[in-house]
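Chemist: for reference, the sequence and a predicted model appear below.
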Amino acid sequence: MSTQTPDSLVWTELDRRAVDTARLLAADAVQKVGNGHPGTAMSLAPAAYTIFQKVMRHDPADPEWTGRDRFVLSPGHTSLTLYTQLFLAGYEVGLDDLKAFRTHGSRTPGHPEYGHTAGVETTTGPLGQGVANAVGMAMAARYERGLFDPEAPEGASPFDHTIWAIVSDGDLEEGVSAEASSLAGHQKLGNLVFVYDDNHISIEGDTATAFSEDVLKRYEAYSWHTQRVEPTEDGDVDVHALHAALTAAKAETGRPSIIALRTIIAWPAPNARNTEASHGSALGEDEIAATKRLLGFDPERTFEVADEVLAHSRQALDRGAEAHAAWDKRIAEWRAAHPERAALFDRIVAGQLPEGWESAVPVFEPGKSVATRAASGKVLQALGAVLPELWGGSADLAGSNNTTIDKTSSFLPKGNPLPEADPYGRTVHFGIREFSMAAEMNGIALHGNTRIYGGTFLVFSDYMRNAVRMSALMQLPVTYVWTHDSVGLGEDGPTHQPVEHLASLRAIPGLNVVRPADANETAVAWAEILRRHATDPAPHGLALTRQGVPTYERNEEAAKGGYVLREASTGTPDVVLIATGSEVQLAVAARELLEAEGIGARVVSMPSVEWFEQQPREYREAVIPPSVRARVAVEAGIGLTWYRFVGDAGRIVSLEHFGASADAKTLFAEYGFTAENVAAAARESVTAARG
């Protein structure tokens with residue numbers, strides 16, 4: 001028996017049985033492990049099944065297929081919503097994986113993890129960020145189209161696809177979702193569709209405890225296309241109405257879409273439905289048995305999957321193969337018509353850089369005073385000419401961050417009044433939305449086929465921190481351009497002067513913080529970041545000065561994270577001076593003072609602690625010899641990073657308090673960042689080392 005309505009959805013008894021199977025698999029998986037979130041996975045099963053089986057273009061046999069749609073499960077706690085659909089559709093998730101839910105080494109961790117389970121497009125859990133990831137993916141899809149097929153009519157390009165996302169009350173309560181949704185509406189991202197699980201339940205009970213706004217009116221104000229789908233009379237998801245809404249949302253290409261889907265959490269569990277307990281606790285054996293009887297399943301069996309149900313849902317493999325073959329034909333036609341763009345596509349997909357790209361990286365004349373933020377801007381503009389896949393911008397600080405890669409081309413939709421507006425533009429205006437900028441950058445990187453950067457002041461990395469952490473957790477090759485990196489920014493005062501930020505960012509595993517000493521180190525750093533994009537993907541944070549700093553001769557060993565900038569006249573140094581960023585000049589000047597006294601001083605510039613620690617032990621010990629116990633580290637921030645480098649006889653010249661509103665020169669002198677003070681610390685260390 002099947003039903004077909006004017007919305008064209010064919011829905012058979014096997015479809016209904018597959019949905020009920022997904023519901024009970026979720027309940028059984030949580031019950032088996034003893035913890036998890038069964039309720040939402042049960043109530044969302046019809047929606048997720050409709051997306052995966054009836055609407056979304058994907059190929060379970062090739063989860064990385066470039067032509068696929070993307071799916072984001074923003075409320076990651078309901079990971080079983082995704083895992084059960086991956087299982088039913090024929091991805092690598094098997095029944096044994098569902099049985100191993102939330103156990104060590106399984107493909108089904110408590111929250112979906114990118115790179116761990118095929119079909120998981122992003123790691124979700126921190127609520128709201130999946131919303132921003134999806135927005136970033138939609139932005140990337142548009143930019144990708146502009147790179148490879150900008151003239152194609154709407155919907156006719158092999159690079160046209162849709163970003164589908166399920167979002168929750170919790171996601172929409174988080175501020176980051178408001179930031180991202182505002183930008184999505186402004187950008188008219190018509191390739192983005194949200195299904196909002198409007199279940200009225202959060203951990204503390206009914207959402208009336210904290211959430212009463214009209215979500216659809218809010219999204220109307222963001223310039224989104226909005227729809228509402230009410231449940232059937234018995235309380236289940238109306239799949240025909242939902243399918244019609246999804247179809248209408250996909251057809252609305254001039255703006256993003258959100259569908260408010262009213263669900264009853266844990267439906268159809270007779271006692272647990274519509275309770276907060278079902279959100280984050282196992283239902284209990286009696287309740288699961290009662291639910292199975294209600295749905296016509298054997299209450300004595302667990303993880304029951306009928307052969308005919310699996311055969312039916314695995315037809316997704318056949319549909320995926322057909323869609324993939326059709327796409328292959330379209331892409332072949334595109335290749336024949338656009339051989340140069342096809343070559344660009346192949347290079348970018350392979351993660352390669354164009355031949356001779358290094359020659360575009362500027363070399364700066366030694367001796368001149370140049371702010372590293374200014375040097376970074378010059379590097380970006382030079383690289384833009386040879387790397388069309390490189391794009392980015394800032395959180396409304398382009399003039400300060402020097403992040404404008406192309407002044408004549410802004411990533412803005414058709415209809416925007418600005419003269420430089422271009423739907424496929426290079427320069428992104430994220431707006432004053434630092435947190436969502438970082439999460440959107442993650443989505444852009446996850447989408448693939450471009451290279452993204454984004455800037456703000458270093459002090460505002462605090463706003464971005466959880467998204468930066470997610471960059472590191474997923475090992476995404478995004479580049480954060482953080483300028484105004486110390487009290488050297490001056491008169492704006494302590495609210496804008498980073499003190500603890502460098503150390504706290506270095507505490508994030510997998511994040512490479514790079515604080516170049518001068519213009520040439522900045523250029524070398526950018527080149528190294530680009531090289532690592534495909535071979536050693538990881539997020540990078542560039543910490544750059546507002547004020548001018550002396551330019552030294554270029555040394556490619558800066559790419560190793562730490563190197564000898566100035567050698568001691570004594571051969572083996574009496575003391576090693578380690579510095580980063582604007583403080584390297586202080587170490588160089590202190591060396592002159594020490595050498596004049598007969599103390600051999602080596603200056604080590606260490607733009608990246610993380611890069612340095614990745615080098616072989618032999619290299620690291622050649623730069624900082626273990627036999628030389630007299631060491632001084634200099635950085636205009638808290639000294640937490642440097643204790644492991646200076647040892648028991650070492651000294652640290654650091655800043656262990658907030659700054660003040662004054663010019664940079666005054667503050668550096670006031671807080672002890674002078675050559676004389678560094679030299680004094682070196683003398684103390686030499687004395688301590690000699691015992």
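Modeler: Nice, thanks for sending it over.
Chemist: switch to C-alpha atoms for all contacts and neighbour counts from now on
Modeler: Fine.
Chemist: now do the contacts for residue 169.
Modeler: 196, 197, 198, 199, 200, 201, 202, 207 (CA atoms under 8 Å, 6 or more residues apart in numbering).
Chemist: again, but for residue 509
Modeler: Contacts for residue 509 (CA under 8 Å, 6+ apart) come out as 472, 473.
Chemist: same thing but at 7 Å, please
Modeler: residue 472 (CA atoms under 7 Å, 6 or more residues apart in numbering).
Chemist: how about the contacts of residue 169 in CSV, adding pLDDT?
Modeler: Formatted as CSV, the contacts of residue 169 follow (pLDDT from 0 to 100):
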residue, pLDDT
196, 98
197, 96
198, 95
199, 88
200, 87
201, 79
202, 84
207, 84
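Chemist: tabulate those residues (CSV), appending neighbour count, secondary structure and distance to residue 553.
Modeler: Listed next are the contacts of residue 169 as CSV, based on neighbours: other CA atoms under 10 Å; DSSP: H, G, I helix; E, B strand; the rest coil; distance: CA to CA, whole Å:
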residue, neighbour count, secondary structure, distance to residue 553
196, 23, strand, 56
197, 25, strand, 58
198, 21, strand, 60
199, 21, coil, 62
200, 21, coil, 62
201, 25, strand, 61
202, 20, strand, 59
207, 17, helix, 61
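Chemist: list the buried residues of stretch 559-579.
Modeler: Residues of stretch 559-579 classed as buried: 559-565, 567-568, 573-579 (neighbour count, 16 or more other CA atoms under 10 Å).
Chemist: which of the residues you listed sit farthest apart?
Modeler: The span of the buried residues of stretch 559-579, defined through CA to CA, is set by 559 and 574 at 25.8 Å.
Chemist: as a check, name the ranges of all helices in the stretch 401-550 of the chain.
Modeler: Using DSSP state H, counting those that start in this stretch, the helices of the stretch 401-550 of the chain run over 434-447, 461-474, 501-506, 519-535.
Chemist: pick the most deeply packed of the ones you listed.
Modeler: helix 434-447 (a mean of 29; mean count of other CA atoms under 10 Å).
Chemist: CA atoms only for it, dumped as PDB, please.
Modeler: Output in PDB follows, covering the C-alpha atoms of helix 434-447 (Å, rounded to 0.1, in the frame of the first residue of the first chain):
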ATOM      1  CA  GLU A 434      33.000  37.300  15.600                       C
ATOM      2  CA  PHE A 435      31.700  34.000  17.000                       C
ATOM      3  CA  SER A 436      29.600  33.100  14.000                       C
ATOM      4  CA  MET A 437      32.400  34.300  11.700                       C
ATOM      5  CA  ALA A 438      34.600  31.600  13.100                       C
ATOM      6  CA  ALA A 439      31.900  28.900  13.000                       C
ATOM      7  CA  GLU A 440      31.000  30.000   9.400                       C
ATOM      8  CA  MET A 441      34.700  29.600   8.500                       C
ATOM      9  CA  ASN A 442      34.500  26.100   9.900                       C
ATOM     10  CA  GLY A 443      31.500  25.400   7.600                       C
ATOM     11  CA  ILE A 444      33.400  26.900   4.600                       C
ATOM     12  CA  ALA A 445      36.400  24.700   5.300                       C
ATOM     13  CA  LEU A 446      34.200  21.600   5.800                       C
ATOM     14  CA  HIS A 447      32.400  22.300   2.500                       C
END
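Chemist: just want the angle from that helix to helix 461-474.
Modeler: Helix 434-447 runs at 20 degrees relative to helix 461-474, counting by axes from the mean of the first three to the mean of the last three CA atoms, to 10 degrees.
Chemist: what would the helices of the stretch 401-550 of the chain look like in CSV with mean pLDDT?
Modeler: Putting the helices of the stretch 401-550 of the chain into CSV (pLDDT from 0 to 100) gives the following:
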stretch, mean pLDDT
helix 434-447, 98
helix 461-474, 98
helix 501-506, 98
helix 519-535, 96
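Chemist: flag the helix or strand of this protein with the lowest per-element mean pLDDT.
Modeler: Lowest on mean pLDDT, DSSP states H and E among the helices and strands of the chain sits strand 2-4, with a mean of 41.
Chemist: so who does residue 320 touch?
Modeler: 58, 59, 60.
Chemist: tell me which element the last one is part of?
Modeler: Assigned by DSSP states H and E, residue 60 belongs to neither a helix nor a strand.
Chemist: quick one: residue 75 from residue 273, how far?
Modeler: The spacing between residue 75 and residue 273, counted by CA to CA, to the nearest Å, is 19 Å.
Chemist: have a look at those two and say which one is more surrounded.
Modeler: The residue with more neighbours, out of residue 75 and residue 273, is residue 75; 27 against 21, by other CA atoms under 10 Å.
Chemist: per-residue pLDDT, the more buried one?
Modeler: Reported pLDDT at residue 75 in the predicted model: 97.
Chemist: cool, and the one 5 residues further on?
Modeler: At residue 80, the predicted lDDT confidence score is 98.
Chemist: and the host helix or strand of it, which residues are buried?
Modeler: According to DSSP H and E, residue 80 maps onto helix 79-89. By 16+ other CA under 10 Å, the buried positions in helix 79-89 come out as 79, 80, 81, 82, 83, 84, 85, 86, 87, 88, 89.
Chemist: convert the C-alpha atoms of it to PDB, please.
Modeler: Extracted C-alpha coordinates of helix 79-89, given in PDB (Å, rounded to 0.1, in the frame of the first residue of the first chain):
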ATOM      1  CA  SER A  79      23.200  12.000  17.200                       C
ATOM      2  CA  LEU A  80      21.100   8.800  16.800                       C
ATOM      3  CA  THR A  81      18.800  10.900  14.500                       C
ATOM      4  CA  LEU A  82      21.800  10.900  12.000                       C
ATOM      5  CA  TYR A  83      23.300   7.500  12.800                       C
ATOM      6  CA  THR A  84      20.000   5.600  12.200                       C
ATOM      7  CA  GLN A  85      19.600   7.300   8.800                       C
ATOM      8  CA  LEU A  86      23.200   6.600   7.800                       C
ATOM      9  CA  PHE A  87      22.500   2.900   8.700                       C
ATOM     10  CA  LEU A  88      19.300   2.700   6.800                       C
ATOM     11  CA  ALA A  89      20.700   4.500   3.700                       C
END
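Chemist: other SSEs contacting that helix?
Modeler: If you count contacts as 3 or more CA pairs under 7 Å, 6 or more residues apart in numbering; DSSP states H and E, helix 79-89 packs onto helix 38-50, helix 307-313.
Chemist: can you point me to the longest helix in this protein?
Modeler: If you go by DSSP state H, the chain has its longest helix at helix 315-337.
Chemist: and the angle for the helix or strand that that helix is followed by with helix 315-337?
Modeler: Using DSSP H and E, the helix or strand that follows helix 315-337 in sequence is helix 339-349. Inter-element angle recorded for helix 339-349 and helix 315-337: 130 degrees (by the same axes, to 10 degrees).
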